[in-house]
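# let me see the structure of the following:
(one chain, ligands or ions: 1)
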Amino acid sequence: MGSTCYSCGRKVKWITTTRGKHMPCDPDVVSSEDCEEGDLLVREDGVCVPIKEGYPKESVTGYVSHFATCPNAEQHRKPKTKTKKELEEEDDAITRDAEMEMGVYEGYLDREDE
Ligand SMILES: [Zn+2]
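Residues are numbered from 1 along each chain as shown. Now for the predicted structure:
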């Protein structure tokens, strides 16, 4: 598996999420406090943490999804080799996964709070 983005040529770190998806991320470890709302942070162990107001409750370190930071993100969405329908299905799958991971992560937080 390649270690650079085919679109912008930057280095990416591939992380396998808890649902078995391969996610390209920026290679630098960051804190959730340094992320912007709407970013998706992926922990080393593959748990995805969507960044939004008031969440996560505690600082989390991980890698920012390259989908959020790629300067050529538009090209990610419109590669010539894929049809519009395929891309829409991919987007749906990513959104669905993020929602699923969020559920997993919130469960994890609840357990920690006890
Ligand atoms: Zn890129």
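
# with just CA atoms, put stretch 48-58 into PDB.
This file holds the C-alpha atoms of stretch 48-58, laid out as PDB (Å, rounded to 0.1, in the frame of the first residue of the first chain):
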ATOM      1  CA  CYS A  48     -12.300   7.300  14.800                       C
ATOM      2  CA  VAL A  49     -13.100  10.400  16.800                       C
ATOM      3  CA  PRO A  50     -15.200  13.000  15.000                       C
ATOM      4  CA  ILE A  51     -14.300  16.400  16.200                       C
ATOM      5  CA  LYS A  52     -17.200  18.600  17.100                       C
ATOM      6  CA  GLU A  53     -18.100  21.200  19.800                       C
ATOM      7  CA  GLY A  54     -17.700  19.700  23.200                       C
ATOM      8  CA  TYR A  55     -16.500  16.400  21.900                       C
ATOM      9  CA  PRO A  56     -14.500  14.500  22.700                       C
ATOM     10  CA  LYS A  57     -14.900  15.300  26.300                       C
ATOM     11  CA  GLU A  58     -11.200  14.600  27.000                       C
END
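
# and it, how far out from the chain's middle?
13 Å (CA atoms, centre = their mean, to the nearest Å).

# now do it, average pLDDT.
For stretch 48-58, mean pLDDT is 90.

# and the protein, which residues reach the ion?
Residues of the chain lying close to the ion by CB under 5 Å from the ion are 5, 7-8, 70. (Glycine included, C-beta is placed from N, CA and C.)

# what segments of this structure are strands?
With strands called from DSSP state E, the chain shows them at 13-16, 22-25, 30-31, 40-42, 48-50, 61-64.

# how about the second one: buried residues?
By neighbour count with 16 or more other CB atoms under 10 Å, strand 22-25 contains the buried residues 23-25.
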